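Engineer: show me how the following folds:
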Amino acid sequence: MNEKIIIKSEKLCKSFSNGGIQQHVLKNLDMQIYEGDFTVIMGPSGAGKSTLLYALSGMDRPTLGTIEFSGERISEKNQDQLALFRRKHCGFVFQQIYLVDGMSIMDNILAAGLLVNKNKQQVLKQAKEMLKSVGLNEQIWHKFPTQLSGGEAQRAALIRAMINQPDIVFADEPTGQLNSQSSDMVLNTLTQMNEAGQTIVMVTHDLKSARRANRILYLQDGLIQGEYHLGKYQGSDEKRHEKLAAFLLEMGW
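Structural biologist: Numbers count the residues shown, from 1 in each chain. Take a look at the predicted model:
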């Protein structure tokens, strides 16, 4: 495991008010994300997995506690500063594929890339190379998102997340709405990105998706209740599946 910490939280708390009653979702949570790791966050429904992802990425502010990104305390930034931070350092992929329907796949990616790099030809060249690298060839570049399969659209969303070469990619149930074949395509892309050195943090409830990670964090009752290290993914491995399943059963999955 790479020992360079990219994100660290200390005594992280997040509460919501529901009908005047405070709901404490994250409770004094301490954790680290290491550079180059593929970390998966798992846990039962309502455990706070997505809430944690949004807090770590600066999409949501913690109620209490601190979050540091490469030694910089992002939990103290204002909304405008957080927006600039996310644009520069983070890529996002969600269960819902948030591509703009009225724009082609290529234009979706260019729009994201040009937010950081104003050299359109350079961004275009990079986009073409990245799309080809995940099996999305030029026949679909000028199609609209609704004309693509779910797997194609999600892979395009991954390239959009990667176009600015973020330090970290956050993925929230990226295969949640996909069939088995499309899920495999997206997971292969995530694995390929991680093998190239990309840091990934993914929330999932799916065992097949989770076993792509080298590190599993189990979240329950607002705290990390367990951690398991699988090592780097090297293809389908029944023992890997069994080890992860045993860990999850131990955690009360």
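
Engineer: where does the stretch 151-253 of the chain dip in pLDDT?
Structural biologist: Applying pLDDT under 70 to the stretch 151-253 of the chain flags no residue at all.

Engineer: if you set the cut-off to 90 instead, what comes out?
Structural biologist: 176-178, 181-182, 185, 234-238, 253 (pLDDT under 90).

Engineer: any idea where the strands of this protein begin and end?
Structural biologist: 5-18, 21-34, 38-42, 64-69, 72-73, 90-94, 168-172, 199-203, 215-220, 223-229 (DSSP state E).

Engineer: any chance of these in a markdown table, with distance to Gln121 and mean neighbour count too?
Structural biologist: Bear in mind the C-beta positions are built from the backbone N, C-alpha and C, glycine included. Listed next are the strands of the chain as a markdown table, based on distance: least, C-beta to C-beta, whole Å; neighbours: other C-beta atoms under 10 Å:
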| stretch | distance to Gln121 | mean neighbour count |
| --- | --- | --- |
| strand 5-18 | 31 | 17 |
| strand 21-34 | 34 | 16 |
| strand 38-42 | 32 | 25 |
| strand 64-69 | 31 | 18 |
| strand 72-73 | 32 | 11 |
| strand 90-94 | 22 | 22 |
| strand 168-172 | 25 | 23 |
| strand 199-203 | 28 | 25 |
| strand 215-220 | 39 | 21 |
| strand 223-229 | 43 | 16 |
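
Engineer: pull the contacting residues for the residue lying closest to His205 once chain neighbours are set aside.
Structural biologist: Among residues not flanking His205 along the chain, Met42 sits closest, at 6.8 Å (C-beta to C-beta, 6 or more residues apart in numbering). When contacts are counted by C-beta atoms under 8 Å, 6 or more residues apart in numbering, Met42 touches Lys49, Val203, Thr204, His205, Ala210, Ile216, Leu217, Tyr218, Leu219, Leu248, Trp253.

Engineer: and Glu195, what does it touch?
Structural biologist: Glu195 neighbours (C-beta under 8 Å, 6+ apart): Lys232.

Engineer: go again using 10 Å as the cut-off
Structural biologist: Counting by C-beta atoms under 10 Å, 6 or more residues apart in numbering, Glu195 touches Gly36, Phe38, Lys232, Tyr233, Gln234.

Engineer: so the closest residue to the third one other than its chain neighbours versus Ala171, what's the distance?
Structural biologist: Put plainly, it is Lys232. Distances taken as C-beta to C-beta, 6+ apart place Asn214 nearest to Lys232, at 5.3 Å, with adjacent residues excluded. Distance of Asn214 to Ala171, given as C-beta to C-beta, to the nearest Å: 15 Å.

Engineer: quick revisit: just the ones of the contacts of Glu195 in helices?
Structural biologist: Among the contacts of Glu195, no member is found in helices (DSSP state H).

Engineer: which among these end up buried?
Structural biologist: For those, a burial check counting by 16 or more other C-beta atoms under 10 Å picks out Gly36, Phe38, Tyr233.

Engineer: distance to Leu158 for those residues - can I get that in JSON lines?
Structural biologist: What follows is those, written out as JSON lines (distance: C-beta to C-beta, whole Å):
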{"residue": "Gly36", "distance to Leu158": "18"}
{"residue": "Phe38", "distance to Leu158": "14"}
{"residue": "Tyr233", "distance to Leu158": "17"}
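
Engineer: from those residues, which is closest to Thr66?
Structural biologist: Gly36 (23.2 Å; C-beta to C-beta).
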